[in-house]
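>>> Sequence isn't available, so here's the structure alone:
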């Protein structure tokens, strides 16, 4: 199978606001028909980079190659790119159909073509029965679909979405994550979404880029970034991670308490360097079987019931902070655990991630 075609190449793009560097030499490729996420904490440069892609900000340096053509100096209205804002920005006095058709009418397309494309988009976004309603008569999820339909009906090569689910409640966000992914698959248009929500990116994205202080730290599939984060920041930002500081050894990290946590040493980390061993809560076993390389005793300091699982906070000698351990509800039922109980925890060396500290 041939490699997916690159739609957009972001080539060493920077954006400065006076002495402030908002985007610092970012280079990455976004593929055709891909759902791509720009992820990072507030102030990391992700929204600025999105605005550069949309044409609302001119890059201070670098190139933006869309289908091989540099669009960095092309104004927004002449780019085959559409940006959907978090606020949706629907026209309150217009019906759903009129909102969706507005952009095509501004292009002065034939009425029959506009009607056909709008009907098709209403069906794709499951809005046909709501076509004559005004925005005030719609739910939050329906308004979002109208905004999406209005952006997609123009058939952009690239659709940019800035925190599109931010205004929705938690349950609706979960439903709309799947809806967005379905729509992207149906229309076959490349989506680039900006979000600070790690779970959102993990659920929707084919690949994602993690940014910090304007710099690109890692770009890969959600699975690869979650399981093999490039550094401590990415490991801490994506999901939940337990960290144990110490010194790098030949085959692991020697903690400050003198306990060796085994794992594969990364390149560039020498014996004696300050290092940190890390492990995900779901990789840790309570009362581990024989042969588990890393193990220690502790006491349950607190627990939190999440329905599907139980999150234990276990105080150990590995770290000042309690270890977070996830136990399935089924396992917790088979062997109940309470606050104050003494337990043993352990995990495989293969599940230890080691970073420079």
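Perfect, I can see it now. Quick caveat: nothing in here was measured; it's all calculated off a predicted structure. Residues are numbered from 1 along each chain as shown.

>>> for the stretch 1-150 of the chain, what spans make up the helices?
Here the stretch 1-150 of the chain has its helices, by DSSP state H, counting those that start in this stretch, at 46-54, 96-106, 111-124, 140-152.

>>> For the ones you listed, give me TSV that also has mean neighbour count.
No exception for glycine: its C-beta is placed from N, CA and C like everyone else's. Listed next are the helices of the stretch 1-150 of the chain as TSV, based on neighbours: other C-beta atoms under 10 Å:
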stretch	mean neighbour count
helix 46-54	22
helix 96-106	20
helix 111-124	16
helix 140-152	22
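
>>> mind putting the ones you listed in a markdown table, distance to residue 317 included?
Shown next, in a markdown table, are those (distance: least, C-beta to C-beta, whole Å):
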| stretch | distance to residue 317 |
| --- | --- |
| helix 46-54 | 39 |
| helix 96-106 | 61 |
| helix 111-124 | 57 |
| helix 140-152 | 48 |
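
>>> Looking at those, which is nearest to residue 185?
With C-beta to C-beta as the measure, helix 111-124 is the member of these nearest residue 185 (10.8 Å).

>>> got a list of contacts for the closest one?
96-97, 100-101, 104-105, 128, 131, 149, 152-153, 183, 186-187 (C-beta atoms under 8 Å, 6 or more residues apart in numbering).

>>> which two from those residues end up farthest apart in space?
It's 105 and 186 that sit farthest apart of those, by C-beta to C-beta, at 23.9 Å.

>>> What's the mean pLDDT across stretch 132-142?
For stretch 132-142, the per-residue pLDDT values average out at 89.

>>> and if you look at stretch 42-58?
94.

>>> that older thread, tell me which of the helices of the stretch 1-150 of the chain lies nearest to residue 352.
Here helix 46-54 is closest among the helices of the stretch 1-150 of the chain (C-beta to C-beta), at 29.9 Å.

>>> From the chain's centroid, how far away is the closest one?
16 Å (C-alpha atoms, centre = their mean, to the nearest Å).

>>> Quick check: beta-bridge partners of residue 279?
Counting by DSSP bridges, residue 279 is bridged to residue 242.

>>> Assign a three-state SS to residue 218, would you?
Reduced to three states with DSSP: H, G, I helix; E, B strand; the rest coil, the structure at residue 218 is strand.

>>> What is the neighbour count of it?
20 (other C-beta atoms under 10 Å).

>>> How about residue 264?
Applying other C-beta under 10 Å, I find that residue 264 has 11 neighbouring residues.

>>> contacting residues around it?
Residue 264 neighbours (C-beta under 8 Å, 6+ apart): 349, 350, 352, 354.

>>> re earlier: in TSV, list the contacts of helix 111-124 along with distance to residue 344.
Output for the contacts of helix 111-124, formatted as TSV (distance: C-beta to C-beta, whole Å):
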residue	distance to residue 344
96	59
97	64
100	60
101	65
104	65
105	69
128	59
131	62
149	55
152	54
153	59
183	48
186	50
187	52
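
>>> Tell me the one of those residues nearest residue 44?
residue 183 (26.6 Å).

>>> Looks to me like the closest one is in a helix.
Yes: the assignment for residue 183 by three-state DSSP puts it in a helix.

>>> so how far is residue 191 from it?
9 Å (C-beta to C-beta, to the nearest Å).

>>> can you give me the strands in the stretch 1-150 of the chain?
Taking DSSP state E, counting those that start in this stretch as the test, the strands found in the stretch 1-150 of the chain are 6-17, 20-31, 35-39, 61-66, 69-70, 81-84.

>>> What segments of the stretch 251-357 of the chain are strands?
Counting by DSSP E, counting those that start in this stretch, the stretch 251-357 of the chain has strands at residues 252-255, 260-262, 274-279, 285-286, 294-305, 309-316, 323-328, 342-347, 353-356.

>>> Give the full set of residues in contact with the residue lying closest to residue 31 once chain neighbours are set aside.
Of all residues not flanking residue 31 in the chain, residue 4 sits nearest, at 4.2 Å (C-beta to C-beta, 6 or more residues apart in numbering). Residues near residue 4 by C-beta under 8 Å, 6+ apart: 31, 32, 33, 34.

>>> Return the entry from the residues you listed with the maximum number of neighbours.
Counting by other C-beta under 10 Å, top hit in the contacts of residue 4: residue 34 with 20 neighbours.

>>> tell me the contacts of it?
Going by C-beta under 8 Å, 6+ apart, residue 34 touches 4, 7, 190, 191, 206, 207.

>>> ok, of those residues, which come out buried?
The neighbour-count criterion (16 or more other C-beta atoms under 10 Å) marks 7, 190, 191, 206, 207 among the contacts of residue 34 as buried.

>>> Among those residues, pick out the one closest to residue 246, please.
For the buried ones among the contacts of residue 34, the nearest to residue 246 is residue 207 (33.0 Å; C-beta to C-beta).
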